[in-house]
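Asks: here is my input; please provide its structure:
(chains A and B)
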Amino acid sequence: MANQELVGKKPLQVLEKIRENLEKLNEKMEVMIELQKHNRKDIPQLPTDTPLDVMTLLSMPDHLRKTAMAVCRLGRATADEIAQQTHRARAVESAYLNQLVMMGYTKKERKGRRAYFYVERESQER
Amino acid sequence: MGKILAVHSYKGGTGKTLLAINLSASFAKQGKKVCLFDLDFRAPSLATLLKVGKAEHWLNDYLNGACEIDKVLIDLSERINNKGHLYVGLANPATEAIRDMSAKDRKWEMRALGRLLALRNSLLNDKTFDYVIFDTSPGLQYSSINAIVAADVVVVATTFDRSDVDGTQRMLRELYDLFEKKTEVVLNKVLDASRTGKEELQALVKDIYQAPLLSVIPCFCDVLKAEGGIIFAAEKPDHPFTRILDEMTNKINQM
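Replies: Here you go, the predicted structure:
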């Protein structure tokens, strides 16, 4: 974080910013760890709106399909909520969800401290 | 909470639609609130078999996002002579509609999956249906796989036809298992069913499919002669076919 950014901010705001940055770093590390586990050097970068249809789900590796199906079922969820469905650790789900975002299958939106993952279906009501 | 069942098979002509209609009627006869959907958009048949003329809204419209699911449901409860409720949602059998559904792209199929998944909330939670039953098209059609993903249990209709056995084995391994779906096999149109013991058939199915056997349905001449015009579970309560169906629905109730 640039020092200039911190000037004039209250200690609580500074700490909050540090926490946010640490969370982002943590997510990136989780993705890297998972990539290493599955012996993958990189994730194929797909267009940002790649449809997550059933044929795509079928072609996915098992570990990602489980996460992607939970997102489809829940519509919009945090890593915690996905982990409750899949019975896997939150950190693992966070890594898989971020992989899915990087692959263009799911979207991510931050609301305060929480990160929500969802499948974009334009004309479909929530 | 209720359940969503998908009736599926590898090949056509295994008796999916007859099974789906009669399972729905059998559940409704037990006093359950049931909704049967025709997801065979390439060859819709429920409108004809259930003798429902023209629907105001089709399931096609719901999946297209053109209407809510309430508009699609047609109440056929008067066909079941007791307190149960039977509703149907029909696929549009017009050639133009079939052509339209065949030309949908992946994005549309993704939205359709979302709309089918949303039925869990709208029908099972909000409208307190006990069962939602999807009659699907055979094989690996988009609409069928969407139905399988949205379902809790897949009822797999199969026969002893060699290519059907081979294809069903593959689907169990490469489709239902990948989606972690609970599957139940129904052996339909079995010749000499009375001569082969139930336990022998159960062992055979376990050996071939490594999946539980829900039921064995012998080849009934009466059922073939009816040409789909009779809902046996509702109209012929003492027929052996009805008794087998009632056993099946009792088993599913206990799952």
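
Asks: correct me if wrong: residue B:77 contacts residue B:85.
Replies: Yes. Judged on C-beta atoms under 8 Å, residue B:77 makes contact with residue B:85 at a distance of 4.8 Å. Every residue, glycine included, has its C-beta placed from N, CA and C.

Asks: which residues are in contact with each of these two?
Replies: Listed as contacting both residue B:77 and residue B:85 by C-beta atoms under 8 Å, 6 or more residues apart in numbering or on different chains are residue B:28.

Asks: after the helix or strand harbouring residue A:70 comes which helix or strand?
Replies: Following DSSP states H and E, one finds residue A:70 within helix A:62-74. Using DSSP H and E, the helix or strand that follows helix A:62-74 towards the C-terminus is strand A:76-77.

Asks: now that next one, how far from the chain's geometric center?
Replies: 11 Å (C-alpha atoms, centre = their mean, to the nearest Å).

Asks: who in the stretch 151-255 of chain B is up against chain A?
Replies: B:175, B:178, B:179, B:180 (C-beta under 8 Å from any C-beta of the partner chain).

Asks: report the two of the residues you listed separated the most.
Replies: Farthest pair in these (C-beta to C-beta) is B:175 and B:180. Separation: 11.1 Å.

Asks: between those two, point out the one with more neighbours.
Replies: More crowded of residue B:175 and residue B:180, by other C-beta atoms under 10 Å in any protein chain shown: residue B:175, with 23 against 10.

Asks: tell me which stretches of the stretch 51-200 of chain B form helices.
Replies: Using DSSP state H, counting those that start in this stretch, the helices of the stretch 51-200 of chain B run over residues B:59-63, B:69-72, B:95-102, B:106-119, B:142-150, B:162-171, B:198-209.

Asks: with mean neighbour count and distance to residue A:13 as added columns, please give these in a markdown table.
Replies: As requested, the helices of the stretch 51-200 of chain B are exported to a markdown table (neighbours: other C-beta atoms under 10 Å in any protein chain shown; distance: least, C-beta to C-beta, whole Å):
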| stretch | mean neighbour count | distance to residue A:13 |
| --- | --- | --- |
| helix B:59-63 | 24 | 48 |
| helix B:69-72 | 17 | 47 |
| helix B:95-102 | 13 | 54 |
| helix B:106-119 | 21 | 39 |
| helix B:142-150 | 24 | 45 |
| helix B:162-171 | 16 | 56 |
| helix B:198-209 | 14 | 61 |
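
Asks: out of those helices, flag the one nearest residue B:244.
Replies: Nearest of the helices of the stretch 51-200 of chain B to residue B:244, taken as C-beta to C-beta: helix B:198-209 at 11.4 Å.

Asks: give me the pLDDT for residue B:16.
Replies: Residue B:16 is assigned 95 on the pLDDT scale.

Asks: strands along chain A, start to end?
Replies: A:76-77, A:107-111, A:114-118 (DSSP state E).

Asks: by how many degrees do the second one and strand A:114-118 diverge?
Replies: Orientation note: strand A:107-111 sits at an angle of 150 degrees relative to strand A:114-118 (axes from the mean of the first three to the mean of the last three C-alpha atoms, to 10 degrees).

Asks: buried residues in strand A:107-111?
Replies: For strand A:107-111, the buried set under the neighbour-count rule, 16 or more other C-beta atoms under 10 Å in any protein chain shown, comprises residue A:107.

Asks: now do that strand and helix A:62-74, the angle between them.
Replies: 60 degrees.

Asks: point out where chain B drops to low pLDDT.
Replies: Across chain B, the ranges flagged by pLDDT under 70 are B:193-196.

Asks: to clarify, my last question referred to chain A.
Replies: Ranges of chain A meeting pLDDT under 70: A:1-7, A:31, A:34-48, A:122-126.

Asks: any idea which helix is longest in it?
Replies: helix A:11-37 (DSSP state H).

Asks: got the angle between it and strand A:107-111?
Replies: Going by the same axes, to 10 degrees, helix A:11-37 makes 160 degrees with strand A:107-111.

Asks: next up, the contacts around the residue nearest the centre of chain A.
Replies: Closest to where the C-alpha atoms of chain A average out (C-alpha atoms, centre = their mean) is residue A:98, at 3.1 Å. Under the criterion of C-beta under 8 Å, 6+ apart, the neighbours of residue A:98 are A:27, A:28, A:30, A:31, A:108.

Asks: who wins on neighbours among the residues you listed?
Replies: With neighbours taken as other C-beta under 10 Å, the top of the contacts of residue A:98 is residue A:30, carrying 21 neighbours.

Asks: how about the strands of the stretch 151-255 of chain B, start to end?
Replies: B:153-158, B:182-190, B:213-218 (DSSP state E, counting those that start in this stretch).

Asks: what's the second one in contact with?
Replies: Judged by C-beta under 8 Å, 6+ apart, the contacts made with strand B:182-190 from elsewhere in the structure are B:14-15, B:19, B:152-160, B:168, B:172, B:176, B:196, B:201, B:205, B:209, B:211-219, B:248, B:252, B:255.
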